[in-house]
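Chemist: sequence first, then the predicted structure, then my questions.
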Amino acid sequence: MPKPAKTDRNISVAAGEQPEAREVRVWDRVVRSFHWALVLSFATAWLTRHSLEDIHHLAGYAAGALIALRLAWGVLGPPYARFSQFVRGPATVLGYLSAMLGGREARYIGHNPAGGAMVVALIAIMSATALTGWLMTTDAYFGVAWVETAHGLAAHGLLLLVLLHICGVALASFRHRENLVRAMITGRKRKAEQADIP
């Protein structure tokens, strides 16, 4: 029997073993589909905000429906999809951000504490954007200034969060030498190593 060969990541890999054997399934099809469908709906809504009103409304309704699905899946889905797996308290999130600034943050197999906080923030502000957008189409709130202002602020806040999210993904991908965009497409990440948090 051939001796195990060591990779540059100190993972023992038997000769002829497929790369998939060094990976673990993290994000299921529902989570991945939700993520990319939400990206598409937000991009569509943003690009049609001053034109193509019907498409803008449809994109907003799609985003609202996707959020409802994700909330249900965050309770009923597999372990890495559940909020209980990645939503952590403020002290843990701040501790992680402090470690990140010092370049010593741990690698998490699921969402890290900052990523979990970002998921919650994105869901909350996307919900606010969709809700205020819908209110603007009702008889009771059509043309009401504060609703229009709230919708605009929520949408711009959402764009800011999206940019922060992209920066966080890029930083984590660089620090842990792991393509997180690819992971959100395939659902697979590198198996946990000794210092990693499952």
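Modeler: Nice, I can see it. Remember, predicted model here, so these are calculated numbers, not experimental data.

Chemist: quick one: contacts of stretch 36-44?
Modeler: 55-56, 59-60, 62-63, 66-67, 70, 126, 158, 162, 184-185 (Cβ atoms under 8 Å, 6 or more residues apart in numbering). All C-beta spots, glycine's among them, are computed from the backbone N, C-alpha and C.

Chemist: and residue 45, what is it in contact with?
Modeler: Neighbouring residues of residue 45 by Cβ under 8 Å, 6+ apart: 56, 59, 60, 63, 133, 155.

Chemist: now those residues in JSON lines, with pLDDT and neighbour count?
Modeler: Listed next are the contacts of residue 45 as JSON lines, based on pLDDT from 0 to 100; neighbours: other Cβ atoms under 10 Å:
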{"residue": "56", "pLDDT": "95", "neighbour count": "18"}
{"residue": "59", "pLDDT": "96", "neighbour count": "23"}
{"residue": "60", "pLDDT": "95", "neighbour count": "27"}
{"residue": "63", "pLDDT": "96", "neighbour count": "23"}
{"residue": "133", "pLDDT": "94", "neighbour count": "24"}
{"residue": "155", "pLDDT": "96", "neighbour count": "22"}
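
Chemist: that older thread, same list, the contacts of stretch 36-44, but as a markdown table with secondary structure and distance to residue 91 please.
Modeler: Below are the contacts of stretch 36-44 laid out as a markdown table (DSSP: H, G, I helix; E, B strand; the rest coil; distance: Cβ to Cβ, whole Å):
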| residue | secondary structure | distance to residue 91 |
| --- | --- | --- |
| 55 | helix | 43 |
| 56 | helix | 40 |
| 59 | helix | 37 |
| 60 | helix | 35 |
| 62 | helix | 36 |
| 63 | helix | 31 |
| 66 | helix | 30 |
| 67 | helix | 27 |
| 70 | helix | 25 |
| 126 | helix | 26 |
| 158 | helix | 26 |
| 162 | helix | 26 |
| 184 | helix | 27 |
| 185 | helix | 33 |
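
Chemist: out of these, what pair is the most spread apart?
Modeler: With Cβ to Cβ as the measure, no two of the contacts of stretch 36-44 lie farther apart than 56 and 185, at 27.1 Å.

Chemist: start to end distance for stretch 102-122?
Modeler: End-to-end distance for stretch 102-122, by Cα to Cα, to the nearest Å: 26 Å.

Chemist: need the contact partners of it.
Modeler: 24, 26, 79-80, 83, 85-88, 92-93, 95-97, 99-100, 158, 161-162, 164-165, 168, 172, 175-176, 178, 189, 192-193, 195-198.

Chemist: list the buried ones in it?
Modeler: Of all the residues in stretch 102-122, those buried under the rule 16 or more other Cβ atoms under 10 Å are 105, 107-120, 122.

Chemist: tally of neighbours for residue 26?
Modeler: Per other Cβ atoms under 10 Å, the neighbour tally for residue 26 reads 23.

Chemist: check contacts around it.
Modeler: For residue 26, the contacting residues are 80, 109, 110, 183, 187, 188, 189, by Cβ under 8 Å, 6+ apart.

Chemist: brilliant, that's me finished.
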